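Colleague: what's the 3D shape of this:
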Amino acid sequence: MPSDVWPRHGWVRLGENWADCLRSSLGEAEREEVADWCRAGRPLVIARGRSEDGAGELRLGLATPDKRRIGLHVAAEAVAESWGPLPLAEAVETAPEAWRPMLAELVRRALAVGVGPAVYGSLAWQHRTGLGYVRPDSDVDLLFAPRDRRQLDGLLDLLRAFGDGSPRLDGEILMPDGAAVAWRELAGRPDRLLVKGPAEVELRDLPSVLALFDREDAA
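Modeller: Below is the predicted model:
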């Protein structure tokens, strides 16, 4: 299934027949925990696929506030409802009060660059479920999708300015080809970058990554 249909860091709510749609087995305890989670109406996050996955299959993750993780491999028919990655603007009021002014200012400045930030990780889980995931020392994981080199450079300047404050900002830049790279790694301008695709992880050289944004800018 194309990554724009099931984007990594997006969200789904499973239907009642989800267990019939499993494509990889779950242990009995994990299956019961997922069942309880779904009965409570809570969503799961869309994870990176694997090269061996078939068409119409997706990988999902369930993360609990105590940091346990359950991975699911299901057919798309299991999905009752889906959303894209959570906009940071929607999650600001879920964050600890001391973080809110900085996060709101980050949203404002990112929008001025032309890119609306999304959030994943603990703050997104807390917003989506109402459970307590965020700790005082938690990072905020952000996702940006700049369309061209001007937006990319503006975002990296912004993240350098805000990134080591409180809270610390981590996260990814989504590239025009659908793969993603950690913003901190890209900001360091190394010769080679670890790039996460929809179903694979690979090393790419810096010029080839930057060229993707140059082509978008020229289009």
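Colleague: hey, where'd the strands end up in the chain?
Modeller: Here the chain has its strands, by DSSP state E, at 11-14, 44-46, 57-63, 69-75, 79-83, 86-87, 118-120, 140-144, 169-174, 180-182, 192-196, 201-205.
Colleague: in the chain, what spans have low per-residue confidence?
Modeller: When residues are selected by pLDDT under 70, those of the chain lie in 1-4, 215-219.
Colleague: Please parse it into its domains.
Modeller: Domains of the chain are assigned by automatic domain parsing as 11-83, 86-218.
Colleague: In JSON lines: those, plus distance to V5.
Modeller: Any C-beta I mention is one placed from the backbone N, CA and C, and that applies to glycine too. As requested, those are arranged in JSON lines below (distance: least, C-beta to C-beta, whole Å):
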{"stretch": "domain 11-83", "distance to V5": "8"}
{"stretch": "domain 86-218", "distance to V5": "10"}
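Colleague: re earlier: and the strands of the chain: which comes nearest Y133?
Modeller: Each of the strands of the chain has some distance to Y133 by C-beta to C-beta; the shortest is strand 57-63, at 7.7 Å.
Colleague: Partner strands of that closest one, with direction?
Modeller: According to DSSP bridges, strand 57-63 forms sheet pairs with strand 44-46 (antiparallel), strand 69-75 (antiparallel).
Colleague: Just name the most buried of those.
Modeller: Of all those, strand 44-46 carries the top mean neighbour count, a mean of 24, counting by mean count of other C-beta atoms under 10 Å.
Colleague: where exactly do the helices run in the protein?
Modeller: Remark: helices assigned in the chain by DSSP state H are 28-39, 88-91, 100-113, 122-129, 149-162, 183-187, 206-218.
Colleague: residues in contact with G121?
Modeller: G121 makes contact with 138-141, 170-171 under the criterion C-beta atoms under 8 Å, 6 or more residues apart in numbering.
Colleague: do that again at 6 Å, thanks
Modeller: D141 (C-beta atoms under 6 Å, 6 or more residues apart in numbering).
Colleague: can you list the strands of the chain in CSV and add distance to A211?
Modeller: Formatted as CSV, the strands of the chain follow (distance: least, C-beta to C-beta, whole Å):
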stretch, distance to A211
strand 11-14, 32
strand 44-46, 28
strand 57-63, 29
strand 69-75, 34
strand 79-83, 32
strand 86-87, 28
strand 118-120, 24
strand 140-144, 18
strand 169-174, 14
strand 180-182, 13
strand 192-196, 13
strand 201-205, 10
